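1. fold the stuff below for me.
(2 chains)
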Amino acid sequence: MAQEVQLIQLQPNMNGFNTTTIVLDPGQIRRTQQGSILTMKVADQTGSINATYMNPDFSETWKGGDILRMKGAYTSVYQGGLTLAIGRNGDCKKIGEFFMQFSELPDISQMALPVGTTVDNKGAPQNRPNTSMGRGRPSY
Amino acid sequence: MNEELAKRIHRMIKVNLKMENPSDVVKKFAIDSSQLDEKLHNLSDKEAIDLLISKDKGDSSSSGVVYHLVTSYDNPEKFSKMMKYILGAGVDYWHTILCNLNMILIEVWHLIHLGCKEQLVRLIREGIRLNVKSIENVLMNVFKNISGSGDWQTKVRIMNMLMNTIREHEPWFKSIKSGAGLMSTIIMVTSHIIVDTPQPITKEDQFKNQLIVFLTFVIRSRKLDCHALGRDFVIIIARLGRIPQFEEIWRELHQTPGNFGISSIEEFISRPNIVGLLRLSTELQRKIDHIVFYSKNNLIIYYDWIVKSHLRQLDSGSLRAEIVRYLCSMSIDAKNHGPAVFENRIQLLHLLVSTAPPGPEQQWLKLCLFVEWFGCDERFVNYNNSNVEIAINLVRYSLSIQAPPPSQNSIIQASHCSPFANSLLEYLCKSVDLFLPSQSDQIRKNVNTAMKFCRDRFQHGLQQILENYKIDRKIGDQMRQIWPDFMRSSQNPPKKLKKPAQNPPEDTKITVATVATVTQPQYISEPILTAAEKKKLAEKEEMELESSMKLLKGEIREKIEGLKSQWKEFSDDADKCEAVETILTHLCKNDDKLDDSQQEIAAQCLLAIMGSVVVEEKSLLPETNEISEAFTHPIYSIFKMLCFPPNDDSNASEIMVNLMAAMREKDASLTYVFLYYIKGSDTRTQDTIEIYREIARVSDKNVDEMLCSDIQLCALNDIRLFAYLIPFIFSQFQDEVFQSSELLNVLCANLDSSQLRVFISEMIREEIKLFKKDTFSAHILASVEWPTSSQWIFWHLVHADGVPIEWFLPIIPKLDAAKHDEAIANILLMLKHMDREPWPGLIRSIFSRIPGKDDNFTIDALKVLIDDAEQCQRVAELVGGLIKKLIANNEILGIGTKTTPNTKKAAPTKVSLQQLLEHLTQFSDACLEKKQRATEMFLSKHYMQEAFSSIKTNDKSSVLTKKYHNLFGVMDILAADLKEQNSRQLRGNRQGSAAEKSASSSPAKRKTENEETDSNSKRRKCQKDIIQLDDSDSD
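-> Next up, the predicted model:
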């Protein structure tokens, strides 16, 4: 069973983890050559992060304040910032609304990445270890 | 999730199962219904009933039954069949059914379909018909849910069904036991639906009328239950008071209060609402609780979500009011919750009230905030359950917050800060005599009791709120009239005037709604402290001094005790000064330097022995003597030693600064008296100013912060001294003045007309300089939040300082036409009196404002600039040039686009050709065909005509010709007129000089007044050129 991870524990190249977040900015669905992508801003008690949901089966977005349960998530680096992503093998569903404490700061997508991070800007990381659970965000 | 279950869930709620997991409660009902169907398959009715009442299956089967009942909106047979089962199962089975109904009402009401809601009300109607026990509680929960989320139409339908249900069962309704929450909930909910329902457009629309008839029926048939609502009942009837049926109830309440089980209306107002927790739907109540207890720093985000989900329907005003009342009556246990929770409540209240639409809705919210004050009768209310400090806390909070710059898109605007605090206090002051005119004396007493509770709660902090410099003088005067015992008397007491006469027949009329429009109450000055209170205070200070002296150690303790015992024996100030100097010398020369805490205690003891130099209602500034002769109080010997430490020793200097900072902690007026000493003694001014800065540093304050506090306190205590010190302070603290908008705010809030004249005179003589370019924008943007009177004084100072118009360019696009009237009016006047030619930056800045229907700034600015014929040519050249430049840079489309693409809202807007044309369209709409015909002249200039031709010929910009066809049409007409005029002139010239002589009489050649002016100005320019040529020749 995948581990429950808090956003502050996220590192590049993590995958297959679960997390629970609240939607701060519902964002929008964009059509790209690779398919549709829902981008949004989510948060939990430890910080906020940009999130993407690849090829959702729906055309609407969630609303601000919706609480989302994400399963089989992974991290990727987009435009130099860490992003939480749900792909084909993942799942993301609303499980409630409003009643969750969160913190907007730190904005994890704005934080510096660890030195030597190899990234694939197009989407998922190139080498995803099976489990690479968070060791806490390093301070730079 | 299997398809069958999904189908059942969809019958109950609208949900996209790809995005959302349905609520556990809904899932339970769907699963139970499925299991029930399996069990009941092929069973006869009797067998089915037996199964339902069997103990092991009863609970889950009842939720299955309820599921079928609420989802049978398109299947009446199923509803009848399920009802048959319930009736067969007997009275006890109803209990489990009601439990399930309550679960739906409390947990998922906001999610279920309208059809399900209607079925649920039908089921309740059946329950009432059968007189089921406790059905009234379920009915109450339905009423409660109307004060929650959901669209207006749904609320109207449910309300209609509920009204009909009760009217159909009047005997049942009248027989419900007294004290149930149902009556109170009906009154609270129905009253706000009446207020929120729009007036009917057709005769057939009887909903509002039905609501009125229904509510009067409820109140009249259950009068004794109304007292549970306490003062809320009074304000509900007051709110509905314009409706004749409720005016009658109001009269009855006033004249025969016994009918409602109370002795007087005063008693009603003094009673709290004991069912206050029933005013909101459970969902909304939980959300409000979550915000108060757990929102931490995210309160604004949560509030935004509440607004989106609950406060966008027709009843948003009433819901806001219900939330305000809920928050005001909420009890928070200080033992279990930190101060952040109390502050969250205040912040939420602030958002709810300040962001409500101004006018009756906001006034109503203010009444909801202050009604506890009107009912704060010592006979009925006690300190612990009064909650009156919430309103004053809200005033404190509003005074303390700063609005972000106007360019940022924030919920908090400038009007939500100190102007809002002022409006709250003004509302309270004006309401005292008008809320219930016949009870105004009692209400006056009550608001004073409330203020006494606040003083007990805030201690010294109350004075800082009530006499804050951000509170308008006018409102301060009103407050002095209402709370004479809690505020210091004004320096310029207005005339004592009579109280407004009360008209007895008007007493029973409801005046709450007109509170906002009444005239200002009159001023009555009274002393602050009674003799007994003064004595008590002196005794308390004496005791504090004794206990402080005991904390001192060694020689210094002996010396201070000696000083105290001798103090009263000293015959004059000179002896006292000498004794104080001896102690100070000892403190400075002591080889074993005292530690900081001993220094602090010694300083405060010294101050307590000397007493304050500031005496109430007596200016420190002498009226006739030389100022230097006025420094006789022993405190000045401390200042003297501060400025001239023994042997100029740096160690002694440090000690003196520490002593002074410690004394200031006890008596904040000391530092302005020190400034007075610096100015009055007129020695080593620069060095002593540095000492003042050092005191600020040791006191852990910024210099500008300490100056603000000193100036404010001085203005309150000693207006003559204030007038004397202000020019000195603003000339000596130049750096702080340039940087601190707050310092300017204090200045502008306190200057009166004669002080302003003196101050401007100093500025003219170049003694004072208030503004510099790099900080000027910040001052302007801060000033727009101030009260109008302060802003006008500020603008006088701006003009006196001779600020050039160039400094305003960055601000022009940021000013809000609807809110920043003073700044906009003054900038327009400055443009009118501008003594230089327009230049490209100015034109670009004017056009960079985002066009808006109610924003006339750009139109007015252009009109001002083209009024002078000579300048008109230049403006046309600049605007034409800008158009060509925008085409060349391909800045064609878009309105209000930012200069940086990264969606930073604070980034300045970029001028595009479309935006410019939008402004010119508004300009031509508003300014054509005026007497001066300046607009026609401006648009006919060849620079403008050329620029418009370029728009038409450019491929990319030509799309705009269609959008702005009216403007292009005007340009074409003006071009044709011009051409015709030119050809006429040409023909006229060909007719020779003979014809030229008679030109003035020929209508074709008659020049308009403006053309005359134009040609004159050209002539002037030509002459100017000639003069310049002459000058060059002479060189």
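2. got a pLDDT number for residue 69?
-> Answering for chain A, as no chain was given. Per-residue pLDDT puts A:R69 at 97.
3. chain B is the one I meant
-> pLDDT, B:L69: 94.
4. over to A:G123?
-> In this model, A:G123 carries a pLDDT of 44.
5. ok, B:M159 next?
-> The model reports B:M159 with a pLDDT of 95.
6. tell me, how many residues neighbour it?
-> Burial of B:M159 is recorded as 21 neighbouring residues (other CB atoms under 10 Å in any protein chain shown). Any C-beta I mention is one placed from the backbone N, CA and C, and that applies to glycine too.
7. same check on B:D50?
-> 14.
8. tell me which element it is part of?
-> helix B:45-53 (DSSP states H and E).
9. distance of B:L162 from chain A?
-> For B:L162, the distance to chain A equals 27 Å [CB to the nearest CB, to the nearest Å].
10. just checking, that residue touches B:K144?
-> No. Between B:L162 and B:K144 there is no contact under CB atoms under 8 Å: 11.3 Å.
11. for the most centrally placed residue in chain A, give me phi and psi.
-> Nearest to the geometric centre of chain A sits A:L84, at 1.7 Å (CA atoms, centre = their mean). Phi and psi for A:L84, reported as degrees, to the nearest 10, are phi -90, psi 130.
12. near the residue nearest to it when sequence neighbours are not counted, how many residues? Count them for me, please.
-> Nearest residue to A:L84 in three dimensions, chain neighbours excluded: A:A51, at 4.3 Å (CB to CB, 6 or more residues apart in numbering or on different chains). Residues contacting A:A51 under the criterion other CB under 10 Å number 27.
13. pretty sure A:A51 sits against A:A43.
-> No. A:A51 is beyond contact range of A:A43, at 9.7 Å (criterion: CB under 8 Å).
14. spit out the residues that contact these two alike.
-> A:T21 (CB atoms under 8 Å, 6 or more residues apart in numbering or on different chains).
15. what residues does chain A put near chain B?
-> Within chain A, the positions near chain B by CB under 8 Å from any CB of the partner chain are A:24, A:56-58, A:60, A:62-65, A:69, A:93-95, A:98-99, A:101-104.
16. now the buried members of the residues you listed.
-> A:24, A:56, A:62, A:64-65, A:69, A:93-94, A:98, A:102-103 (16 or more other CB atoms under 10 Å in any protein chain shown).
17. now the residues you listed in CSV, with secondary structure and distance to B:M487?
-> Converted to CSV, those look like this (DSSP: H, G, I helix; E, B strand; the rest coil; distance: CB to CB, whole Å):
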residue, secondary structure, distance to B:M487
A:L24, strand, 45
A:P56, coil, 62
A:W62, coil, 52
A:G64, coil, 44
A:G65, coil, 44
A:R69, strand, 57
A:K93, strand, 59
A:K94, strand, 54
A:F98, coil, 43
A:F102, coil, 43
A:S103, coil, 42
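18. and the furthest pair within those residues?
-> Farthest-apart pair in those is A:P56 and A:S103; separation 26.3 Å (CB to CB).
19. elements contacting the helix or strand that the helix holding B:D50 is followed by?
-> Using DSSP H and E, the next helix or strand after helix B:45-53 towards the C-terminus is helix B:58-70. Counting by 3 or more CB pairs under 8 Å, 6 or more residues apart in numbering or on different chains; DSSP states H and E, the packing neighbours recorded for helix B:58-70 are helix B:3-12, helix B:24-40, helix B:45-53, helix B:76-89, helix B:91-103, helix B:114-129.
20. what's the angle from helix B:58-70 to helix B:76-89?
-> Inter-element angle recorded for helix B:58-70 and helix B:76-89: 150 degrees (by axes from the mean of the first three to the mean of the last three CA atoms, to 10 degrees).
21. okay, the angle between helix B:58-70 and helix B:114-129?
-> Going by the same axes, to 10 degrees, helix B:58-70 makes 110 degrees with helix B:114-129.
22. just the mean pLDDT for the helix or strand containing the residue nearest to A:L84, thanks.
-> Assigned by DSSP H and E, A:A51 falls within strand A:47-54. Strand A:47-54 shows a mean pLDDT of 96.
23. can you give the distance of it from its chain's centre?
-> 4 Å (CA atoms, centre = their mean, to the nearest Å).
24. contact partners of that strand?
-> Strand A:47-54 has contacts (CB under 8 Å, 6+ apart) with A:7-8, A:10, A:21, A:24, A:34-43, A:70, A:76, A:78, A:81-88, A:92, A:102-109, A:123.
25. and the strands in the chain?
-> Let's take chain A. A:15-32, A:35-44, A:47-54, A:66-78, A:81-97 (DSSP state E).
26. so for the nearest residue to B:R8 once chain neighbours are set aside, what's the pLDDT?
-> What sits nearest to B:R8 in space, not counting adjacent residues and going by CB to CB, 6+ apart, is B:A30, at 3.9 Å. Per-residue pLDDT puts B:A30 at 94.
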